[in-house]
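Colleague: No sequence on hand, only this structure:
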């Protein structure tokens, strides 16, 4: 509720009444020594002190994908943190502070020793390493961040706990106009054991039982044909495994209109279910494992996977992954190719996975394999 002026008037009147009463007492006491009244000690002005402000994640929510990215960077190189600490130094000397941040029960403790010049305001980004349980979490959950600040001698200057909402490890924040789209590369997990098993099966559908990726000594035409053959073998292996389309992209929390649930390849293969973006990261994982260059393509309300047909080539083979459960490989290729021609350049967001890796966007830590994922008959080792 807004503050009313009447409250200020009431306080001012009370102070005035008190002042008048004191004056009356002094005037009515002829025995009182006026010099003693004058010498009463005055309140000393309070010395300026530094202030500390805490901000957590994105609107109070921490996305595991961002937490993992930031924790892999040096503090000075970060542009995002799970927790931000802003220090305003209103004193006349430089501050040396030791700041410690952790999310209780979810992360280790990160400590930074910082200097803040007199009169300066600085913000420090913290990304403590989260325990594996964060990457197993599949629902929004509450946690508490603890921030403590000590001086150079170890004296406690400031401590505070802040409520945190941890998002599901499946949640991606696309951002306005898909500005954070490159982080989808964190869902591309080429070393997942189930990805390896799909490739083991796919080689059975390839000539010579080989999936060589890009091969030296081949010209562009030869490599383009080889890429097509390998992509077809992978598509066939996934069909035999039983993967088919299930949307399942709804998530909870703030910014739900520009956030989405995305399955990891481990989940898609364990559940034999994938929507378009799930399928795109699954195929990207398979191609990247082979040393090829996949890219994820986002168009309005849909996603495709592409793979560069040969090193240094500007041509890509695009696949409609949503058709895997009900159409042939050639149909999936034709559908994707026709669809890509319908969109203008402004409507298409292309995310080369190799470029995302170059800027430090790596796979999120693999969650432990579930019993469901290991029990799929189509993915059992040796089949």
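Modeller: Sure thing, it's come through. In this text the structure is predicted, and so the values were computed from the model without any measurement.
Colleague: C-alpha only now, for contacts and for neighbours.
Modeller: OK.
Colleague: so where do the helices sit in the protein?
Modeller: Using DSSP state H, the helices of the chain run over 5-27, 34-38, 64-71, 133-136, 193-202, 220-241, 265-271, 276-289, 329-342, 353-358, 371-375.
Colleague: Including mean neighbour count, could those go into TSV?
Modeller: Output for the helices of the chain, formatted as TSV (neighbours: other CA atoms under 10 Å):
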stretch	mean neighbour count
helix 5-27	11
helix 34-38	9
helix 64-71	22
helix 133-136	18
helix 193-202	21
helix 220-241	19
helix 265-271	23
helix 276-289	26
helix 329-342	15
helix 353-358	16
helix 371-375	13
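Colleague: Which of those sits closest to residue 148?
Modeller: Among the helices of the chain, helix 64-71 comes nearest to residue 148, with 19.2 Å by CA to CA.
Colleague: Tell me how far the closest one lies from the chain's centre.
Modeller: Relative to the chain's own centre, helix 64-71 is displaced by 5 Å; criterion: CA atoms, centre = their mean, to the nearest Å.
Colleague: Packing partners of that helix?
Modeller: Applying 3 or more CA pairs under 8 Å, 6 or more residues apart in numbering; DSSP states H and E, one finds that helix 64-71 contacts strand 171-173.
Colleague: List the strands paired with the strand it packs on, with their directions.
Modeller: According to DSSP bridges, strand 171-173 forms sheet pairs with strand 259-261 (antiparallel).
Colleague: Where does pLDDT dip in the protein?
Modeller: Flagging of the chain using pLDDT under 70 yields the residue ranges 1-46, 367-383.
Colleague: How is it divided into domains?
Modeller: 51-166, 172-379 (automatic domain parsing).
Colleague: Relative to residue 365, which of the helices of the chain is closest?
Modeller: helix 133-136 (6.8 Å).
Colleague: Please state the offset of that closest one from the chain centre?
Modeller: 13 Å.
Colleague: Same question for stretch 136-149.
Modeller: Worked out by CA atoms, centre = their mean, stretch 136-149 lies 14 Å from the chain centre.
Colleague: do stretch 111-121 as well
Modeller: Distance, centroid of stretch 111-121 to centroid of chain: 27 Å (CA atoms, centre = their mean).
Colleague: which residues are in contact with it?
Modeller: 86-101, 122 (CA atoms under 8 Å, 6 or more residues apart in numbering).
Colleague: filter those residues to the buried ones?
Modeller: Among the contacts of stretch 111-121, those buried by neighbour count (16 or more other CA atoms under 10 Å) are 87-90, 95, 97-101.
Colleague: List the contacts of the closest residue to residue 205 other than its chain neighbours.
Modeller: Of all residues not flanking residue 205 in the chain, residue 233 sits nearest, at 5.1 Å (CA to CA, 6 or more residues apart in numbering). Counting by CA under 8 Å, 6+ apart, residue 233 touches 202-206.
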